[in-house]
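Participant: model this:
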Amino acid sequence: MKILLFGKNGQVGWELQRSLSPLGELIALDSSSETLCGDFTDLKGLAETVRSVAPDIIVNAAAHTAVDRAESEPDLARIINATAPSILAEEAKKLNAWLVHYSTDYVFDGSGEKPWIESDPTGPLNVYGKTKLEGEDLIVQSGCHHLIFRTSWVYGARGGNFAKTMLRLAHERDVLKVIDDQTGAPTGADLLADVAAHAIRMARHNSDISGLYHLVARGEVTWHGYASFVIDHARRMGIALKAGTIEPVPTSAFPTPARRPHNSRMNTQKLQATFDLHLPDWQTGIERMLNEVLEKQL
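Facilitator: I've put the predicted structure just below:
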């Protein structure tokens, strides 16, 4: 089996290089790749790359994920999040290949408190969400075999993330102010990569599982609760922190160019039933990531 991966150096792409390698020959690209094109603004180059590699599986971990910046560069966000994935989907259709693609809870309007299911009406609040939804729609319209995984609150041990930011600020400040009216589930890039590899194995033998799935860790928490968990865990490990108070504040306390959804809860029953999976609690992945990061400070 030949697998073509785009976005190899992002948080999810980095983990996918590990999880996909045992499945077959892996060709991993990013925007700076030279021999083959991994630049999502070069649509002709993308199509030519897929044709020359002729993969059995295309995995797209590339995206324009700078949510606030997307508000000021909507055309670029649309090319990367919608037009480029549609090119991959069209080429996958011609090759009878599978396309694995990651999307986001930002396709919803964030209303209510119930976890979103795959068939719920969409209503993105910002450019990022709109372009990701368009990408989903174009992939489905192409008719290719596809696995689209909507996720949220993604983090990885490699690179920056919310937990690391909270730890840095807790070293510098007496009081942290953290949003307490947005709810979701922190989801590890390693979990996203491992589920994709598992799903690809099944998909190769069952085309009926082609479709859209919600994929997040189990449970829910606010950003304030998430920050509190991180700080408490660091202290239990013996890390000395300056911050004595974590103050809950509303989203309005931190105005941003892009509106954020209040409800990022996602129902994963379809995914778990289809792929016979048990998703771990969000705390499990965060603890593992923190142990890796904090042991270097001890």
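
Participant: Give me the neighbour count for residue 164.
Facilitator: 16 (other CB atoms under 10 Å). Glycine gets a C-beta too; all of them are placed from N, C-alpha and C.

Participant: now swap in the one 5 residues further on and tell me
Facilitator: Residue 169: 19 surrounding residues under other CB under 10 Å.

Participant: cool, and residue 142?
Facilitator: 20.

Participant: name the element the closest residue to it other than its chain neighbours belongs to?
Facilitator: Spatial nearest neighbour of residue 142, chain neighbours left out: residue 89 (3.7 Å); criterion: CB to CB, 6 or more residues apart in numbering. For residue 89, the host element (DSSP states H and E) is helix 84-95.

Participant: What residues of that helix count as buried?
Facilitator: Under the neighbour-count criterion of 16 or more other CB atoms under 10 Å, helix 84-95 has 84, 85, 86, 87, 88, 89, 90, 91, 92, 93, 95 buried.

Participant: That helix packs against which elements?
Facilitator: helix 43-53, strand 57-60, strand 98-104, helix 127-142, strand 145-151 (3 or more CB pairs under 8 Å, 6 or more residues apart in numbering; DSSP states H and E).

Participant: in this protein, what spans have low per-residue confidence?
Facilitator: 296-298 (pLDDT under 70).

Participant: Recalculate using a threshold of 80.
Facilitator: Filtered on pLDDT under 80, the chain yields the residue ranges 295-298.

Participant: ranges for the strands of it?
Facilitator: For the chain, applying DSSP state E gives strands covering 2-6, 25-29, 57-60, 98-104, 145-151, 154-155, 175-179, 183-184, 187-188, 211-214, 221-222, 245-249.

Participant: Could you say which one of the ones you listed comes nearest to residue 77?
Facilitator: strand 98-104 (12.3 Å; CB to CB).

Participant: how much space between residue 294 and residue 246?
Facilitator: Noted for residue 294: a distance of 18 Å to residue 246, by CB to CB, to the nearest Å.

Participant: Equivalent analysis for residue 227, please.
Facilitator: In terms of CB to CB, residue 227 sits 6 Å off from residue 246.

Participant: Ok, residue 172 next?
Facilitator: In terms of CB to CB, residue 172 sits 14 Å off from residue 246.

Participant: got it, and residue 150?
Facilitator: Distance from residue 150 to residue 246, by CB to CB: 29 Å.

Participant: Of these two, give the one with the bigger neighbour count.
Facilitator: residue 150 (25 against 20).

Participant: Once you drop chain neighbours, what's closest to the more buried one?
Facilitator: residue 103 (4.5 Å).

Participant: Contact partners for that neighbour?
Facilitator: By CB atoms under 8 Å, 6 or more residues apart in numbering, the residues touching residue 103 are 132, 133, 135, 136, 148, 149, 150, 151.

Participant: now the buried residues of helix 84-95 in JSON lines, with distance to residue 9?
Facilitator: Below are the buried residues of helix 84-95 laid out as JSON lines (distance: CB to CB, whole Å):
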{"residue": "84", "distance to residue 9": "17"}
{"residue": "85", "distance to residue 9": "18"}
{"residue": "86", "distance to residue 9": "23"}
{"residue": "87", "distance to residue 9": "21"}
{"residue": "88", "distance to residue 9": "18"}
{"residue": "89", "distance to residue 9": "23"}
{"residue": "90", "distance to residue 9": "25"}
{"residue": "91", "distance to residue 9": "22"}
{"residue": "92", "distance to residue 9": "22"}
{"residue": "93", "distance to residue 9": "27"}
{"residue": "95", "distance to residue 9": "25"}
